[in-house]
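Visitor: Got a sequence here, can you model it:
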Amino acid sequence: MFIHRGPAHEFQRTFRAIFQEWLPNSEYKLDGREHFEIMGEKYKNDLPASEEEVWIPIKSKGL
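Guide: Numbering: from 1, shown residues only. As a prediction, this is how the structure comes out:
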């Protein structure tokens, strides 16, 4: 689970960081399940203080 902090229109920055930086350098790979986001109480759309959870299914590269 990752946290996107910032306006919704900047989500692409978080998405790129997950898939172009973190994932390739981790010991994990994508699992074939759905990705989803949770926009809870801290989600404020385009306000700078907005937060949302980003859930990416992963599994060990060793499996």
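
Visitor: where does the residue nearest to the spatial centre of the chain land in three-state SS?
Guide: Centroid check for the chain by CA atoms, centre = their mean gives Val54 as the closest residue, at 3.7 Å. Following DSSP: H, G, I helix; E, B strand; the rest coil, Val54 is assigned to strand.

Visitor: now Glu21
Guide: Under three-state DSSP, Glu21 comes out as helix.

Visitor: Distance check, it against Lys59.
Guide: In this view, Glu21 and Lys59 are 19 Å apart by CB to CB, to the nearest Å. No exception for glycine: its C-beta is placed from N, CA and C like everyone else's.

Visitor: And Ala17, by the same measure?
Guide: Distance of Ala17 to Lys59, given as CB to CB: 20 Å.

Visitor: what pLDDT does Gly62 get?
Guide: Note on Gly62: pLDDT of 84.

Visitor: re earlier: and the closest residue to the residue nearest to the centre of the chain other than its chain neighbours, how many residues sit next to it?
Guide: Residue nearest to Val54 in three dimensions, not counting chain neighbours: Phe2, with 4.4 Å by CB to CB, 6 or more residues apart in numbering. Residues within reach of Phe2, counting by other CB atoms under 10 Å, total 15.

Visitor: which residues sit in contact with Phe2?
Guide: Contacts for Phe2 (CB atoms under 8 Å, 6 or more residues apart in numbering) come out as Thr14, Ile18, Trp22, Glu53, Val54, Trp55, Ile56.

Visitor: Report how many residues lie close to the second one.
Guide: Ile18 has 16 neighbouring residues, counting by other CB under 10 Å.

Visitor: wait, it sits on Trp55?
Guide: No - in this structure Ile18 lies outside contact range of Trp55 using CB atoms under 8 Å: 10.8 Å.

Visitor: just to revisit the earlier point, hey, what's the residue nearest to the centre of the chain bridged with?
Guide: Here Val54 sits in beta bridges with Phe2, Glu37, as judged by DSSP bridges.
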